[in-house]
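Enquirer: Quick one, what's the 3D model for this:
(one chain, ligands or ions: 1)
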Amino acid sequence: METQATHRPLNAPETTPSAVELHGVTRVYGTRTAAVRALDNVDVGFPAGSWTAVMGPSGSGKSTLLHCAAGLERVSSGRVVVAGQDITDASDAELTRLRRTVLGFVFQSFNLIGSLTAEQNVAMPLRLAGQRPPRKVVREVLASVGLADRVRHRPGELSGGQQQRVAIARAMVTRPAVLFADEPTGALDTKSARTVLRMLRGMVDTSGQTIVMVTHDPAAAAAADRVVFLGDGRVVDRLDRPTVRLVADRLARWEE
Ligand SMILES: Nc1ncnc2c1ncn2[C@@H]1O[C@H](COP(=O)(O)OP(=O)(O)OP(=O)(O)O)[C@@H](O)[C@H]1O
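Expert: Numbers count the residues shown, from 1 in each chain. Here you go, the predicted model:
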């Protein structure tokens, strides 16, 4: 039996404090006749300790929303608050510090350093933050994603699913308050995708971390706690406690 879905009005207040908030965010690329309004006055909050999937047709603004929310891109207008800090006008140095301490990232293309071993890749965020990563900690994180026997392997010696697990271990090692994931299962087969989704679920359920994940895949979205749907740079719908069928139905409605 499917879980009962609730459909909250777009402007209804969140019941949980938000880990990430966008207030009236607009992002315009280009100028004058070539201007594209990738985000158009978006108000959205991502509740702390929960997992939100962001969906919508190609070009609807999903990646732009993720990049603006994570301070990877500046907004044209509006405000962005991450982990209680207004980052709208933060300096590049402040944004870098925030990304290294409070935020984690997982991308479809893994973005591992090919010349480094799995454990060196996982240790990298700690090194960048000026810490000397204890080997024990790094190995424990790799073991937690099922790669205890692959610590010395380089990305080219690992399958796609294993590489994405290294990328997740790398994102986990700093215990980020918020993890931003852009199509984390997009390049994976069904079984590896399920494993990755289980790991993300663990970060939310066990460690209380917050995940914001862009995906095209209803199965990935159904692993989240809620879905925010974008259309033409605006939030057009939301779904709590998604199931694959409910997500697919809702997508079909917005892609008509
Ligand atoms: N750097 C850029 N310069 C100009 N236009 C851009 C740039 N990045 C994105 N856009 C435009 O902004 C809009 C939103 O793009 P975005 O990548 O956020 O969409 P998306 O929903 O993530 O798409 P997809 O599912 O295809 O990845 C699109 O019309 C896109 O062409």
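
Enquirer: and the closest residue to residue 190 other than its chain neighbours, what element?
Expert: Nearest residue to residue 190, sequence neighbours excluded (C-beta to C-beta, 6 or more residues apart in numbering): residue 219, at 8.0 Å. Quick note: C-beta positions are derived from backbone N, CA and C, even for glycine. Per DSSP states H and E, residue 219 falls inside helix 218-222.

Enquirer: one step back: got a pLDDT number for the residue nearest to residue 190?
Expert: What the model reports as pLDDT for residue 219 is 95.

Enquirer: oh, and call the first residue 517 from now on, that's how I've got it
Expert: That works, and once the first residue is 517, the last one we named lands at residue 735.

Enquirer: Now for it: which residues touch it?
Expert: Contact analysis of residue 735 by C-beta atoms under 8 Å, 6 or more residues apart in numbering lists 706, 709, 713, 760.

Enquirer: and the gap between it and residue 620?
Expert: According to C-beta to C-beta, to the nearest Å, residue 735 stands 22 Å off from residue 620.

Enquirer: ok, now residue 712?
Expert: To residue 620, residue 712 is 14 Å away according to C-beta to C-beta.

Enquirer: same question, residue 703
Expert: For residue 703 relative to residue 620 (C-beta to C-beta), the value is 19 Å.

Enquirer: Provide the contact partners of stretch 651-663 at residue level.
Expert: Contact with stretch 651-663 is made by 634-635, 638-639, 642, 664, 666-667, 678, 681-682, 684-685, 688-689, 711, 715, as judged by C-beta under 8 Å, 6+ apart.

Enquirer: I should have written stretch 614-625 there, sorry.
Expert: Outside stretch 614-625, the residues touching it (C-beta under 8 Å, 6+ apart) are 586-588, 598-599, 601, 603, 606, 627, 641, 644-645, 680, 683-684, 687-688, 690, 692-700, 702-703.
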